[in-house]
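1. Okay, predicted coordinates and the sequence, questions at the end:
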Amino acid sequence: MHLNVLGVDYRTAPLAMREKVSVRPERLPEALLALKRSVRYGVLVSTCNRTELYWTSDTSRSNGAIESLAGYFGVPVTELAACSWEAHEEEVMTHLFRTAAGLDSLIVGEY
């Protein structure tokens, strides 16, 4: 299994796009069901400055994750692809720990 992440955050997307792809807590079950079409095991993280999808797959590529996210949020795939980023394997863990520690926040130390 391979570990992957697809993200949209304050470094890659303007506020208008981050607002389009944010997931309010009450919509999380619905969002996860929509993503289940392309992601078998995954976690969706959404805050005011980032939305990230972490998932496992047989390959270290998106496997339709960006298409599923774009479809769920009603955003053209090309528009989402232009302001998103991906990481794989060890890079995913480094990013996750940096984010959890508040080192990858708009305001350093914010969790």
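-> Great, that's in hand. Numbering: from 1, shown residues only.
2. Could you tell me the end-to-end distance of stretch 25-44?
-> Criterion Cα to Cα, to the nearest Å; first-to-last residue distance in stretch 25-44 is 11 Å.
3. scratch that, stretch 50-67
-> The first and final residues of stretch 50-67 sit 18 Å from each other (Cα to Cα).
4. what about it, distance to the chain center?
-> Relative to its chain's centre, stretch 50-67 lies at 8 Å (Cα atoms, centre = their mean, to the nearest Å).
5. Next, the buried residues of that stretch.
-> With burial defined by 16 or more other Cβ atoms under 10 Å, the residues of stretch 50-67 counted as buried are 50-55, 57, 62-63, 65-66. For every residue, glycine as well, the C-beta is placed using N, CA and C.
6. And stretch 85-94, by the same measure?
-> By neighbour count on 16+ other Cβ under 10 Å, the buried set for stretch 85-94 is 86-87, 92.
7. other SSEs contacting the top helix by length along the chain?
-> As assigned by DSSP state H, the longest helix anywhere in the chain is helix 90-100. Applying 3 or more Cβ pairs under 8 Å, 6 or more residues apart in numbering; DSSP states H and E, one finds that helix 90-100 contacts strand 2-9, strand 50-57.
8. Nearest approach to residue 40 belongs to which of those?
-> Proximity to residue 40 (Cβ to Cβ) singles out strand 50-57 among the helices and strands packed on helix 90-100, at 7.1 Å.
9. Show me what the closest one pairs with in its sheet, parallel or antiparallel.
-> In the sheet, strand 50-57 lines up against strand 2-9 (antiparallel), strand 41-46 (antiparallel) (DSSP bridges).
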